[in-house]
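Chemist: Structure for this input, please:
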Amino acid sequence: MHSDIFQSADTFRERFERGLVDLLRSSGELGEDILVLANANFEPRIWAHLHDELRNCFARLAAGQAAADREGRALQGAPDDVAALRGILEHGFDTLRATELRRAGPWELQLNPLRAFRPARHSTASIDGIRAPFDETRFHFDKPFLRREIIWQGPLRGRDATLLYNKFPFADYHGLLVPEIGRHLAQFLAAEHLAWLWDLAQDLGARLPGFGIGYNSYGAHASVNHLHFQTFLRSGPLPVEDARWTHNGGSEPYPCRCLRFDRPQAAHECITALHEQSISYNLILAAGQLYCLPRRKQGAVAYAPWLGALAWYEMAGGFPLANAADFAQLGPQQIAAQLAAVDPADDAMLPAW
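Modeler: Residues are numbered from 1 along each chain as shown. Sure thing, here's the model as predicted:
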């Protein structure tokens, strides 16, 4: 039923890391070099292993960029990748350190400057509605140039699935899981997809301790309108899983509405109701639970300058930061205020699950 990549957490990590090494040593493509840099920089063990090779690689890229500028020609590569390279070179390779983490009260902060160089795509646009048709002309995961970024592809819980690297990761062993990639499904969680997702999270969570899945609905900072889920393999729980919160049986309310489900039918009823009311939401599936966070749509609330988005990871209590001062100074009250600002309580009548 499962490819060997999903046999154990150790196997998954080994395959994930080996794929990055193979890409770096064989690609010669700018976008793939940036992908390896960002993924290695996020994981201290991989960063230590690949640092010198990456330094040499980006020295060559810097020389190529300088030559292209002198000669008045464009550097070969996709515009997004060329722009990202310029930003990375201006930041300075030798200033990069493996991603740092700290806690601010219950919240998880990460200093992750490479995230600032990712293309925004559709994640910052103001959105109406809960779905839109798939658009072949926009970026999607079935583009030929992405095929070398695939970690694994094969049958998974009765469906063909494709697991790609996240180019600018903010989660441990961060992947993009696309079911039936060639069907070009839009980013809308129909009942059949939710049932598959629930079973998959239960199955892989049992095989790979720390494995989880995040989902951004349309209007909740889904950057690509092609059905996909974000996978991770953590060594500890997310802040949203903390026992202090009322949704986990504690006494402290989460700053925004958070619904926890232990059964798939109840989760299905909730998400159906959100769809009927055109309410966007983020999902996190981890440790046998599904957390659903209904929220106001992206663009409806102005964010603080330190906050780029409130997608599934931020709604779960984790915050990637590009600025060292923000990383050092940000406090728990500022974070809670941003989460509270997207609570949909004033916009819709939500059932009381």
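
Chemist: Point out the other helices and strands that the one helix or strand D10 maps to packs with.
Modeler: Using DSSP states H and E, D10 maps to helix 9-26. If you count contacts as 3 or more CB pairs under 8 Å, 6 or more residues apart in numbering; DSSP states H and E, helix 9-26 packs onto helix 30-42, helix 44-71, strand 150-156, strand 229-233. Just so you know, the C-beta spots here come from the backbone N, C-alpha and C atoms, and that holds for glycine as well.

Chemist: after the last one comes which helix or strand?
Modeler: As assigned by DSSP H and E, the chain's next helix or strand after strand 229-233 is strand 259-261.

Chemist: Which strands or helices does the following helix or strand past that following strand pack on?
Modeler: Tracing the chain past strand 259-261, the next element assigned as helix or strand by DSSP H and E is helix 264-276. Helix 264-276 sits against helix 191-207, strand 259-261, strand 280-286, strand 289-295, with contacts defined as 3+ CB pairs under 8 Å, 6+ apart.

Chemist: neighbours around the residue nearest to I88 when sequence neighbours are not counted, how many?
Modeler: Closest residue in space to I88, ignoring its immediate chain neighbours: F117 at 6.0 Å, by CB to CB, 6 or more residues apart in numbering. By the other CB atoms under 10 Å criterion, the neighbourhood of F117 contains 22 residues.

Chemist: got it, and S251?
Modeler: 8.

Chemist: what do you get for T246?
Modeler: Count around T246 with other CB under 10 Å applied: 12.

Chemist: gap between it and L197?
Modeler: T246 sits 25 Å away from L197, going by CB to CB, to the nearest Å.

Chemist: could you give the mean pLDDT of the helix holding D10?
Modeler: For helix 9-26, the mean pLDDT works out to 95.

Chemist: Could you do stretch 105-121 as well?
Modeler: On average, stretch 105-121 scores 88.

Chemist: Then stretch 201-213?
Modeler: Average pLDDT, stretch 201-213: 96.

Chemist: now do stretch 182-192
Modeler: 97.

Chemist: how about it: buried residues?
Modeler: Using 16 or more other CB atoms under 10 Å as the test for burial, stretch 182-192 gives H184, L185, A186, Q187, F188, L189.
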